[in-house]
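Q: Please find the sequence and the predicted model below.
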Amino acid sequence: MRTSHNKNKNPSAFKKNNFKNNNDDSPIIPANVALPEITLRVIIIGVILTVVLAAANAYLGLKVGTTVSASIPAAVISMAILRFFRDSNILENTMVQIMASVGESLTAGIAFILPALVILHVWEDFNYWQTVITGLLGGGLGVLFTIPLRRALLQDKTLRYPEAIAIGNVLKASAAKEKGEMRSLTIGGLIGAVIALFQGGFQILSDSFQFWVKNGTAVFGFGLGFSPALIAAGYIVGVNVAISVLIGIALGWLAGVPVLSWYYGMAQTGTGNEVAIAVWQQYIRYMGVGTMMIGGLWTLITLFKPVVHSMAVSISTLRDIRLGKKKESIRTELDIPIQYVFLGTAILLVPIFILIANNIIPHGLQITENFRYIIAGFSTFYILIGGFVFCSIMAYFAGLIGSTNSPVSGLLVCALLLICLIFIGFFSFQPAWSQELKEMIGTVVAIGSMVIIGAALAISNDTMQDLKVGQIVGATPWKQQVMLILGVIVSAFVIPPILKLLYHAYGIGGVFPRPGMNPAQMLAAPQAGLMATVAKGAFSHTLEWGMIGVGAGIAVVCVVIDEILKQNYHTRLPVLAVGLGIYLPVDASVPVVIGGFLAYFIERKLYSTYQRGTTSGEQQINKHRHRGLLLACGIVAGASLMGVVLAIPFAITQSSDALRLMPDQFASFAGILSLLVTMILCAWIYRTVLKKNVKI
């Protein structure tokens, strides 16, 4: 229950009286309460955390092709710092978390693609100002693109925003200082952190287990994943998404690996595990790309009407203000005005065009200046239209599956394939150009455009999650968006020297800045290498278009089934979740399925224990649900924070085996032990959530 002192603007008084256990969807801070949000200490703390988290993730992004989600660690760290200020409030904490999380997101967007220009020998080094400008342009577009999407996506009740809910509950419990809620979050956090430490640090536990065997001319088997953060995220998103991901796993891995290994004769080389991974890399993930392409387009069609309505509301509000009509504005619904969004987007397109024409397209090619500008114009237009389309899909993924598990690289491959097809069609009208020239121009311009779109995708994913956090706590959207832009600016100036330092220290993607460097210490930059390979394969006509087509066909079938289920059975089959199950490796998708089904079994037990439809029964069910949500949020927070902590010794020693204790000969034992620990974790969550004598 909230106190009646809603109009009290004293932060300490409000914090003292208003944070009670509340399971409704209303914000923690009501719209009619004004608390300080953007303050000097918020900006200072936010800048420091942005720099630290960006640097911590750059190495991991280039080494293993993944980064650690910084939103929850940023919330926990800022929460600890702001406790030293007696008059601090939850909205200030939210603003610090928003700004700091941008550092990791922009690092991922740039580090996943920009090194491809070095790998392709278009760039000899990471030019500071070109990299800064690229980050500013892509990150700025990512923020602006999500502003008109905010109302539509946050009002979609099918989107659960698992990490945003986790962050919101962490902030709420900390500010409320409720012992029961903090106990659940703390216990969940400790368990998540310890398991993550033993998995990623000591490596006594494994985060995955693969069992693939050859049977004649085909490979059969299965794979498992044991990430506690992803199990908890699956618990939050629920069983519908889990079933959809499981269907994708069945199509891509359980059926796809045997069939494709037999069809292409791949079972004759390597071990069963090696063949399964090779089949996924060369064929299955392209099938997932095809599914996500069609699924994404269908999702955009369904979002078109609410997005247009959201824009119309913004324009109508502006018109009423200009006409002097008195119209009450709700603080928690105020975005950056839509005309500023349009103006800012238009302004950013000018330097994008100049960057592509003068810095991305190599000089000295046998093309006229007119064609140079035409190609740059095509690319700029694609960044505008294609960027908004794919940023919308990326923002949708943040709500569907969470920021950490969103397939940034998968959507980038979709966007890259589409622009490659556009240029292949355009080049067909240039018979005088050699095939080598077409491949050079197409590959370089496609990759250069993807750097900007990639930064925008990563930021849109983070932005939508942060805006959901703001909705939960009651932050002012336009102030959140200002902090996001400030985070982009800080990150853009920090990332280039980090990339340059790492490149000159270890080399990237097989390219070394000086002779005699140790290839064993090289940063593989797997995502950037994938982008370079896809672009070159598209223009040399060696890409697996057939598998992309198969994936598209799967998406069409899923869309039809989803519409039937929605209209007749009031349930859903999210096609993007199916594509996610096909595209992701099993160690990233299986934990989501485990968590989703765990939530389903707990829900069924609650329904059989308490009488649904009665006031007392619903209250008891909601109490247990809230307890489970807090445990899951704590596990996500603890595991994510441990990931950032582990990044420090990994970066110092330049090895992810810096803390390893398990010898190689016992690796299979680590997998079995992980399976046992995962079963114990699920049983503990089940018993704790259903326990009747635990007060929250």
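A: Ah, there it is. Numbers count the residues shown, from 1 in each chain.

Q: all strands of the chain, in order?
A: Taking DSSP state E, the strands of the chain run over residues 208-215, 218-225.

Q: The first one vs strand 218-225, what angle?
A: If you take axes from the mean of the first three to the mean of the last three C-alpha atoms, to 10 degrees, strand 208-215 sits at 170 degrees to strand 218-225.

Q: What pairs with strand 208-215, parallel or antiparallel?
A: Within its sheet, strand 208-215 is paired with strand 218-225 (antiparallel), according to DSSP bridges.

Q: Contacts made by the partner strand with the rest, please.
A: Under the criterion C-beta atoms under 8 Å, 6 or more residues apart in numbering, residues 207-213, 253-254, 257-259, 261-262, 266-267, 272, 275-276, 279, 585-591, 671, 675 lie in contact with strand 218-225. For the C-beta atoms, the positions are set from N, CA and C on the backbone; glycine is no exception.

Q: Over to stretch 196-207?
A: The contact list for stretch 196-207 (C-beta under 8 Å, 6+ apart) reads 195, 225-229, 587, 638-639, 642-643, 646, 656-657, 659-662, 667, 670-671, 673-674, 677.

Q: If we use 7 Å, what do you get?
A: 195, 225-228, 587, 639, 642-643, 646, 659-662, 670-671, 673-674, 677 (C-beta atoms under 7 Å, 6 or more residues apart in numbering).

Q: buried subset of those residues?
A: Among the contacts of stretch 196-207, those buried by neighbour count (16 or more other C-beta atoms under 10 Å) are 195, 225-228, 587, 639, 642-643, 646, 659, 662, 670-671, 673-674, 677.

Q: Name the nearest residue to residue 287, ignoring sequence neighbours.
A: Nearest-residue entry for residue 287: residue 551, 3.9 Å, with adjacent residues in sequence omitted and distances by C-beta to C-beta, 6 or more residues apart in numbering.

Q: Just list the residues touching the one you found, thanks.
A: 287-291, 582.

Q: now do 8 Å
A: 286-294, 579, 582.

Q: And for residue 252?
A: 280, 284, 287-288, 581-583 are the contacts of residue 252 under C-beta under 8 Å, 6+ apart.

Q: Among those residues, which one sits closest to residue 247?
A: Within the set of the contacts of residue 252, residue 581 lies nearest residue 247; the separation is 6.4 Å, counting by C-beta to C-beta.

Q: what about the nearest residue to that closest one once chain neighbours are set aside, distance to residue 611?
A: The spatially closest residue to residue 581, leaving aside those adjacent along the chain, is residue 248, at 2.1 Å (C-beta to C-beta, 6+ apart). Separation of residue 248 from residue 611 (C-beta to C-beta, to the nearest Å): 37 Å.

Q: Report the central residue of the protein.
A: Of all residues in the chain, the one closest to the mean position by C-alpha atoms, centre = their mean is residue 403, 3.1 Å from it.

Q: about what we covered before: out of residue 248 and residue 611, which sits in the more crowded spot?
A: Neighbours were tallied for residue 248 and for residue 611 using other C-beta atoms under 10 Å; the higher tally belongs to residue 248 (30 against 13).

Q: Am I right that that one is in contact with residue 586?
A: No: here residue 248 lies out of contact with residue 586, judged by C-beta atoms under 8 Å, at a distance of 10.4 Å.
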